[in-house]
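S.K.: A predicted structure for the sequence below; I have some questions about it.
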Amino acid sequence: MRTRFLLAWALGLCAAIGCATGVSFLDLVPPAPTAEIGQVVASWNPQLQSLPNATLGGKPLPALAGQVRLFAAGGNTPALGDGDLVVELCREDQVGEDMAVIPLQEWRIDRSRLNHFRQRDDGGWGYALVLPWAGYSAAIQHVQIRTCFEPAGGNPVQAESASLSFGADRQEQLARQQLPTNDLRAPNTVPQALTRGN
């Protein structure tokens, strides 16, 4: 009898919280990963962000911020996937001998770590990313970002490549936009597991 009372009280409390905030309790529970992802949509902030970095004496570390949404094959509602996410940063203002863009850095986020980046907003579920750019240089003016989701069982699905250009005022932007150290996506040091670059 006591167990039933506590269960009813807990459900009532959850319902009350939902009414007070306008958000259903069930909306906060991540759905099960979708077995088959058919589309990846990535959007990136054209302004560089800044992360505190203890390894550089507290000097801000530039970072790329963006949001990635996955969609089930044939679906139009954002879903969560079971797999790894790979983001590749390339230089567009210079090309190599084969006229291809020059790769600068790659972030590979495995499925267990990817769960830490999931976030729900008005558009549905997605992944909010802030990626430290360890090889940043002020001489780099134009970059291309390639995003690919590699499902646990299936073929990789790539998003449309995005091009970003940085203005001359970006150093001032970095100073203004430093993220707090307690942000989940703003570690005090460069997460080596996410970073691979030249």
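M.R.: Cool, the structure landed. Numbers count the residues shown, from 1 in each chain.

S.K.: ok, and for stretch 41-55, which residues are buried?
M.R.: Buried residues in stretch 41-55, counted by 16 or more other Cβ atoms under 10 Å: 42, 44, 47-53. Where C-beta positions appear, they are placed from N, C-alpha and C, glycine not excepted.

S.K.: whoops, stretch 128-136 was the one
M.R.: By 16+ other Cβ under 10 Å, the buried positions in stretch 128-136 come out as 129-134, 136.

S.K.: Just the ones in helices from these, please.
M.R.: Among the buried residues of stretch 128-136, none falls in helices (DSSP state H).

S.K.: okay, those in TSV with distance to residue 119 and pLDDT next?
M.R.: TSV is the format used below for the buried residues of stretch 128-136 (distance: Cβ to Cβ, whole Å; pLDDT from 0 to 100):
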residue	distance to residue 119	pLDDT
129	10	96
130	12	93
131	15	94
132	19	92
133	21	92
134	24	88
136	25	89
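
S.K.: Which of these fall within strands?
M.R.: Taking DSSP state E, the ones among the buried residues of stretch 128-136 that sit in strands are 129-132.

S.K.: if I look at residue 136, how far off is residue 81?
M.R.: Distance, residue 136 to residue 81, using Cβ to Cβ, to the nearest Å: 29 Å.

S.K.: If you average pLDDT per helix and strand, which one of this protein comes out bottom?
M.R.: Lowest on mean pLDDT, DSSP states H and E among the helices and strands of the chain sits helix 2-21, with a mean of 39.

S.K.: which is the next helix or strand following that one?
M.R.: Downstream of helix 2-21, the next assigned helix or strand under DSSP states H and E is strand 37-44.

S.K.: The nearest residue to residue 62 once chain neighbours are set aside and residue 144, how far apart?
M.R.: Leaving aside its sequence neighbours, residue 62 sits nearest to residue 136 (Cβ to Cβ, 6 or more residues apart in numbering; 4.2 Å). Applying Cβ to Cβ, the value for residue 136 to residue 144 is 15 Å.

S.K.: Hmm, residue 42 is touching residue 148, no?
M.R.: No - if you go by Cβ atoms under 8 Å, residue 42 and residue 148 don't touch, sitting 9.4 Å apart.

S.K.: okay, now the domains of this protein?
M.R.: Recorded structural domains for the chain (assignment: automatic domain parsing) are 1-30, 31-197.

S.K.: looking at the ones you listed, which has the lowest confidence?
M.R.: Ranked by mean pLDDT, these end with domain 1-30 in last place, scoring a mean of 44.

S.K.: for residue 94, helix, strand, or coil?
M.R.: Here residue 94 is recorded as strand under DSSP: H, G, I helix; E, B strand; the rest coil.

S.K.: Nice, that's everything, thank you.
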